[in-house]
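Q: Need a 3D model of the following:
(2 chains)
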Amino acid sequence: AQTVTQSQPEMSVQEAETVTLSCTYDTSESDYYLFWYKQPPSRQMILVIRQEAYKQQNATENRFSVNFQKAAKSFSLKISDSQLGDAAMYFCAYRRTGNQFYFGTGTSLTVIP
Amino acid sequence: NAGVTQTPKFQVLKTGQSMTLQCAQDMNHEYMSWYRQDPGMGLRLIHYSVGAGITDQGEVPNGYNVSRSTTEDFPLRLLSAAPSQTSVYFCASSNLGQGIAGANVLTFGAGSRLTVL
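A: Numbering: from 1, shown residues only, chains lettered A, B, ... in the order given. Sure, this is the predicted structure:
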């Protein structure tokens, strides 16, 4: 069975500082996709970043980057220069072959002014 | 672009009642799916479809029914609602296949909050 674990239910960061959210997953597959989604209070799910497992290079999107460690099955999200608008629930997700997506339980990020 | 449209946004049901959550997308996505979001549980896959006429079960399919008669629509039916089905429901869609820009990235609807009394 595929599972996604986010061990940090809540995190906080000072505005303009850097924070890292952790995610580990369990799989026996070699080809898959990993994602981070953001859910602000509006409830809308917004894609933050995507990583293909066959790519060794870590994905980056502006202030967001990942540390993908395939052997360790780890996929952490780093947010640099945190802004008030980054405050949200963050979900790590895994997409296996066969198109099933699995989500972690989420990390609630608070940004302190 | 409307993207993924879910209706209704809010619904209150009594135990035993039936209802359908509607989901429509205008992006010609092959893949459509339904999730429920419960506190401390993340999002869990209920049912999904990879094309018209094809549906399959996810992690938590019991009590829910789906059909995919067109590419655009993927309704979720609750045949006999139970309090355990109180949740926020999300519909999401995506393209399929590697190498296609945006492939495998889920686009979500705004969610539907369902309360079963």
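Q: how long is stretch A:51-62 from one end to the other?
A: 15 Å (C-alpha to C-alpha, to the nearest Å).
Q: Contacts for it next, please.
A: With contact meaning C-beta atoms under 8 Å, 6 or more residues apart in numbering or on different chains, stretch A:51-62 is reached by A:30-35, A:48-50, A:65-68, A:70, A:75, B:98. Using the backbone N, CA and C atoms, a C-beta is placed for each residue, glycine as well.
Q: Can you point out the buried residues in that stretch?
A: For stretch A:51-62, the neighbour count (16 or more other C-beta atoms under 10 Å in any protein chain shown) marks A:51, A:52, A:53, A:59 as buried.
Q: Which element, helix or strand, includes the residue nearest to the spatial centre of chain B?
A: With distances taken as C-alpha atoms, centre = their mean, residue B:34 lies nearest the centre of chain B, 2.5 Å away. Following DSSP states H and E, the helix or strand that holds residue B:34 is strand B:31-38.
Q: Mind giving me the packing neighbours of that strand?
A: strand B:19-25, strand B:42-51, strand B:87-94 (3 or more C-beta pairs under 8 Å, 6 or more residues apart in numbering or on different chains; DSSP states H and E).
Q: Can you tell me the strand partners of it and which way each runs?
A: Note on strand B:31-38: by DSSP bridges, its sheet partners are strand B:42-51 (antiparallel), strand B:87-94 (antiparallel).
Q: Which pLDDT value goes with residue B:21?
A: At residue B:21, the predicted lDDT confidence score is 97.
Q: list the contacts for the closest residue to it other than its chain neighbours?
A: Distances taken as C-beta to C-beta, 6 or more residues apart in numbering or on different chains put residue B:76 closest to residue B:21, at 4.4 Å, once the chain neighbours are dropped. Shown in contact with residue B:76 (C-beta under 8 Å, 6+ apart): B:20, B:21, B:23, B:34, B:46, B:47, B:64, B:65, B:66, B:89, B:91.
Q: Then residue A:84?
A: A:15, A:111, A:113.
Q: got the phi/psi numbers for it?
A: phi -60, psi -30 (degrees, to the nearest 10).
Q: Tell me how far it lies from chain B.
A: Distance, residue A:84 to chain B, by C-beta to the nearest C-beta, to the nearest Å: 23 Å.
Q: re the thing from before, hmm, the residue nearest to the centre of chain B is touching residue B:66, no?
A: Yes. The pair residue B:34 / residue B:66 is scored as a contact, 6.7 Å apart, by C-beta atoms under 8 Å.
Q: so what sits against both of these two?
A: Joint contacts of residue B:34 and residue B:66 (C-beta under 8 Å, 6+ apart) are B:46, B:47, B:74, B:76.
Q: Going by neighbour count, which of those residues comes out on top?
A: residue B:74 (29 neighbours; other C-beta atoms under 10 Å in any protein chain shown).
Q: Thanks a lot, catch you later.
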